[in-house]
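Participant: Fold the following and give me the result.
(chains A, B and C)
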Amino acid sequence: MKKMMTGALGAFALALLSGTALADDVTLTIATVNNGDMITMQKMTDDFTKANPGIKLNWVTLEENDLRQKVTKDITTKGGQYDVLTIGMYETPIWGAKGWLNELTALDDPKDFLPADVGGLSANGKLYAAPFYGESSYIMYRTDLMEKAGLKMPDAPTWDFVRDAAKKMTDRAAGINGICLRGKAGWGENMAFLTAMSNSFGARWFDEKWHPQFDQPEWKDTLNFYLDMMKESGPQGASGNGFSENLALFQSGKCGMWIDATVAAKFVSDPKASQVADKVGYALAPDKGLGKRSNWLWAWALAIPAGTKKNDAAQKFIGWATSKHYEDLIAKQDGVAQIPPGTRISLYANPEYAKLPFAKMTLDSMNSADPTKPTVKPVPYTGVQFASIPEFADAATKVGELFSAALAGQTKPEDALKQAQDYTTQVMTKAGYIK
Amino acid sequence: MARKQSTNKKIIVTILAWAIGLAMFFPIFWTAVAAFKTESDAYTLPQNWLSTPWTLENFGIVQDRSNYGLYIRNTIIIALLSTLLGLAFAIPAAWSMAFAPVQKPSIAWSGKRWLATIFGTAFIVGLVLYAMNWDLTNHAVIGFVALVIVTLPVTLWVFSRNTTDALLWMLSTKMMPPAGALIPIYLIFNRNGLVFKDWGWVDLTEWNLIDSFWGMVPLMMLLNLPIIIWMLYTYFKEIPGEILEASRMDGASVWNELTKVLMPMAVPGIVSTCLLNLILAWNEAFWTLNLTNKYAAPLSFMISEYSSPEGQFWAKLSAASLMAIVPILIVGWFSQRQLVRGLTFGAVK
Amino acid sequence: MATSHSQSLGKWALAPSLAVLAGWAFVPLAIAIYFSFLRYNLQNDNTGWMGLSNFYYFFSDPYFLKDLINTILLVFFTLVISVVGGVFLALLLDQPFWGRGIVRILMISPFFIMPTVSSLVWKNLIMHPVFGLFAAIQKFFGAEQPLDWFASVPLLSVIIIVSWQWLPYATLILLTALQSLDEEQKDASEMDGAGAIAYFRYIVLPHLSRPITVVILIETIFLLNIFAEIKVTSAGGFAGNLTYLVFSQLNDANDIGEAAAGGLIAVVLANLVSYFLVRIVGKNLEA
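Facilitator: The predicted structure is shown next:
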């Protein structure tokens, strides 16, 4: 305790000393996720600081789960460590509605943003976070293996076709697995995939009265289908595979099909990183004939916490990072394929970009996802592969662990569903949704 | 005959010991190899592992991607400063315990004193709460109340103990599971927490203990203080008190006694204490993972960021790991004999 | 021996350490106790008194029992491995052989590796089911589907990693203790022609009993709080322990109240152990 008091006194003294010197330069602290596109952004900042000499940028780059936890804790305790946050479609509507985010005012042509992004990043009709890149999910498949199996991938396949094709492509002796899917526990990992998949099976997280639905047959069908398919044609160790693990598998030629984020196309079609770059085809995420496909909708977006004292500089920065000018910069340096996808209508109208094999499929997938009507039956929440309530992250993390354990063969699917139901019920009861 | 037998035995022991030793060391060796491979070679097992070309590019990538320089600087700052700060507290404490132990405490406990303490504490708590308008959701108030309720009686109690009890009590603070303290510490360290907040008359919210050396150094010091005190104590106890006594007879002041007589004899003990503390601080992972992001983030945090990057990353992970462990590994090798005492709280020498 | 002057000075020399440690030990604890009675979710505005409900929810969390058992299993098996292995290795290293110093260094090294490094290296380079070293070995012996360590046996995987780190510790301590065994005593027993087993049973083991106790107790304290190995390997769902459960209550659920309640339970558990440890160390102090 004594230490802290000395700390306080020392800091107090320093604050008095430095109070005058701080006035001119503004240093923005930006919390961001360690994805490839964000790392690229950090390398482009010279362009921004040259145009705005008074603003310095300070990056805090974190791994995705870490970022979520730290940013959430910071904003909820009003810690104020960051001036610009990288958040997603899950947090933005919740925090925006609570008044924890500033409305964005200095954006470059906000009408040009894809409607799907704007819908997912708004609360009460106001845009609280600017999309940096957006994604949906689709099937990436190996054209050569598909041919070898004597099949042709339709543009909009069904789950039964996918399962059958996966079985035929699997050649365990040659190390080829018919299908690679997420299995690593986490609400942004396996639950993103499984929730989106369950939508196409007609399942939902909650009914209109917020009662969890894991005891319903739709979830049972989803989980069993997923587990059976992975048993038949999935890779070894699937329960530990998230996005990056599957990417490594696909790039090294060990997967026949992979259903995952549309941004992955950039990496699997990059001949420098991928051994199968010229043999990849794309198709919409499968459905079950119920009118909903199993693709999700997500965007990483930039937002400003309400407490910051550097709002103007932060607004300027977000305007720059999500502008068309930024897209041009990237296109000039790395080529059009490396432009952060899924945010602007104009990008997809650009004929050079539209030539890319995955461009149209990405746009179609994003447009077909509807956060307000994610599944067949009505739901009280918004969000395709999540429900945008604060309690979802907790419940889905635990449910994700249960399903991951079921995939690993540690629990039976019935038990996993039962425990998922129990846990989610408890969470919802504790939070006061279920009276 | 006997000699032959013992030679045979020696050969067997040699083979067995080397086999186990190499097996234990193998993961480290394996990491070191992978650090000098290209990504795709690092993923290819096992045929072309030792035959594929070696490369240094991973180290460049790690520096480029995670700014290794920053993290090792932070690690060294935290480890060194917390050790020095710890010594500043521990040397007087260990000296006092070894050479001026309290056999009979001057404050004796009685029912009357207990009652007085309880009522006194309640009175002060009431006063603080009244001054703060009974606002129980205010973290600063919670902190003050906690401080008064707990530290007042406890400090009184601790001061009424004899030296052995005090030593053991210090040790027991090391047993406190960090999980129990994480939330309060997080909220205390927070910009709007106990210390740095807008007090009305002065705004300290520009200052923050989370992810800063102001927070991490004292924290790391407190974590290891019991071990430092204990280790120093066991060393000091071995110095015969008569020497100090003699110097005192010669009219040396306490200060001289401490610096001229005690210190030179205690240097080996202090050095090995420092080494142990350095190793513990270097490898600490609970608090650093939870309380730092960048400015004060040490190497263990940097490595944890490699838990799920994009695509193939083993060679990069290995290179980063190697850079994180080599310095402390070398320190460890040189100090292993001295570490035993600190690691057993002096129970094994 | 000590004069009253140095006695009073001694008290003041001790005071700063006692004061900061008292603050460190008790202020967080008091705040945690206070929070454990609150309904306090960071993402929710309705804060209020909750009585004992936080404890109720923590106990009825489906993960609580599992994680409690995991905690105990993790501590128990790591102790067994490190103590049994440690005695064996200490006896081995106590023999004269070529390259003793180097082998000693090789064997002690894992203890100096930071937990985040050892977990990631083991998880990826060694235990990975497709590209890992163990998988390669299994394939070499003709296994078609190598064992997927973290999926099939998550707790065992964590135990292996943790044991790898703590076996050297036990070895180092026990070896040091063994070396203090009187040379004459060793020679005498050899003269007597006492069998190796009898020698071990009646001379070595009694001599090691105290160091073994110390190793067990100190390791228990550290092993109860294993965290990094579980977090960075993402094994929390399967092999989580109480520390991890508290962490996930705080970070995934943002539930300060329940996390505080869980933390207090961990404190109680650790105090049960520390009670014995402190007594034993205290006895040694007097001896």
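Participant: Check B:M221 and give its pLDDT.
Facilitator: At B:M221, the pLDDT value in this model is 94.
Participant: mind listing what it touches?
Facilitator: B:M221 makes contact with A:3, B:82-83, B:85-86, B:89, according to Cβ atoms under 8 Å, 6 or more residues apart in numbering or on different chains. Yep, even glycine has a C-beta here, placed from its N, CA and C like the rest.
Participant: From those residues, pick the one nearest chain C.
Facilitator: Checking the contacts of B:M221 against chain C by Cβ to the nearest Cβ gives B:F89 as the nearest, at 4.7 Å.
Participant: okay, now the closest residue to C:G99 other than its chain neighbours: neighbour count?
Facilitator: With sequence-adjacent residues excluded and distances taken as Cβ to Cβ, 6 or more residues apart in numbering or on different chains, C:G99 is closest to B:W18, at 6.7 Å. By the criterion of other Cβ atoms under 10 Å in any protein chain shown, B:W18 has 16 neighbours.
Participant: Surely B:W18 and C:R100 touch.
Facilitator: No - applying Cβ atoms under 8 Å, one finds B:W18 not in contact with C:R100, separated by 10.1 Å.
Participant: give me every residue that touches B:T44.
Facilitator: By Cβ under 8 Å, 6+ apart, the contact list for B:T44 reads B:52, C:131.
Participant: That one and A:A129: what is the separation?
Facilitator: 42 Å (Cβ to Cβ, to the nearest Å).
Participant: Can you pull up the most central residue in the chain?
Facilitator: Went with chain A since none was named. A:W298 (4.6 Å; Cα atoms, centre = their mean).
Participant: could you do chain C instead?
Facilitator: Mean-position check on chain C, Cα atoms, centre = their mean. Result C:L223 at 2.0 Å.
Participant: Helix or strand for the nearest residue to that one once chain neighbours are set aside, just tell me which one.
Facilitator: The shortest distance from C:L223 to any non-neighbouring residue, by Cβ to Cβ, 6+ apart, is to C:V75 (4.5 Å). Element membership of C:V75 [criterion: DSSP states H and E] is helix C:62-94.
Participant: repeat for A:L67
Facilitator: Using DSSP H and E, A:L67 maps to helix A:64-76.
Participant: For that helix, which helices and strands make contact with it?
Facilitator: strand A:26-33, strand A:84-87, helix A:91-98, helix C:242-251 (3 or more Cβ pairs under 8 Å, 6 or more residues apart in numbering or on different chains; DSSP states H and E).
Participant: any chance of those in a markdown table, with mean pLDDT too?
Facilitator: Listed next are the helices and strands packed on helix A:64-76 as a markdown table, based on pLDDT from 0 to 100:
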| stretch | mean pLDDT |
| --- | --- |
| strand A:26-33 | 89 |
| strand A:84-87 | 94 |
| helix A:91-98 | 91 |
| helix C:242-251 | 86 |
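Participant: Turn these into TSV, including mean neighbour count.
Facilitator: Converted to TSV, these look like this (neighbours: other Cβ atoms under 10 Å in any protein chain shown):
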stretch	mean neighbour count
strand A:26-33	21
strand A:84-87	27
helix A:91-98	21
helix C:242-251	26
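Participant: Dump the ones you listed to CSV, plus distance to B:V340.
Facilitator: Shown next, in CSV, are the helices and strands packed on helix A:64-76 (distance: least, Cβ to Cβ, whole Å):
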stretch, distance to B:V340
strand A:26-33, 43
strand A:84-87, 47
helix A:91-98, 50
helix C:242-251, 27
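Participant: distance of the one residue in the stretch 151-287 of chain C that gets nearest to chain A from A:T72?
Facilitator: Chain A sits closest to C:G237 of the stretch 151-287 of chain C, with a gap of 2.8 Å, by Cβ to the nearest Cβ. Distance, C:G237 to A:T72, by Cβ to Cβ: 20 Å.
Participant: can you map out the helices along the stretch 151-300 of chain A?
Facilitator: If DSSP state H, counting those that start in this stretch is used as the criterion, the helices of the stretch 151-300 of chain A fall at A:159-169, A:190-200, A:217-233, A:243-251, A:264-268.
Participant: Run through the residues that contact the closest residue to C:L245 other than its chain neighbours.
Facilitator: Spatial nearest neighbour of C:L245, excluding adjacent residues (Cβ to Cβ, 6+ apart): C:D67 at 4.6 Å. By Cβ under 8 Å, 6+ apart, C:D67 lies in contact with C:240-242, C:244-245.
Participant: Next, give me the two most distant ones among these.
Facilitator: By the measure Cβ to Cβ, C:G240 and C:L242 form the most distant pair in the contacts of C:D67, at 8.2 Å.
Participant: got the angle for the helix holding A:L67 vs helix A:91-98?
Facilitator: Orientation note: helix A:64-76 sits at an angle of 0 degrees relative to helix A:91-98 (axes from the mean of the first three to the mean of the last three Cα atoms, to 10 degrees).
Participant: Tell me what angle helix A:64-76 forms with helix C:242-251.
Facilitator: Using the same axes, to 10 degrees: helix A:64-76 against helix C:242-251 is 50 degrees.
Participant: What separation do you get for B:I185 and B:A35?
Facilitator: For B:I185 relative to B:A35 (Cβ to Cβ), the value is 35 Å.
Participant: likewise C:L245?
Facilitator: 35 Å.
Participant: just A:F386 next, same as before
Facilitator: As judged by Cβ to Cβ, A:F386 and B:A35 stand 38 Å apart.
Participant: again with A:M230
Facilitator: 34 Å.
Participant: Verify the contact between C:T243 and C:L269 for me.
Facilitator: No - applying Cβ under 8 Å, one finds C:T243 not in contact with C:L269, separated by 10.3 Å.
Participant: Need the residues touching each of the two.
Facilitator: With Cβ under 8 Å, 6+ apart as the test, C:T243 and C:L269 both reach B:177, C:71, C:224.
Participant: Look up phi and psi at the first one.
Facilitator: Spelled out, that is B:P177. phi -70, psi 130 (degrees, to the nearest 10).
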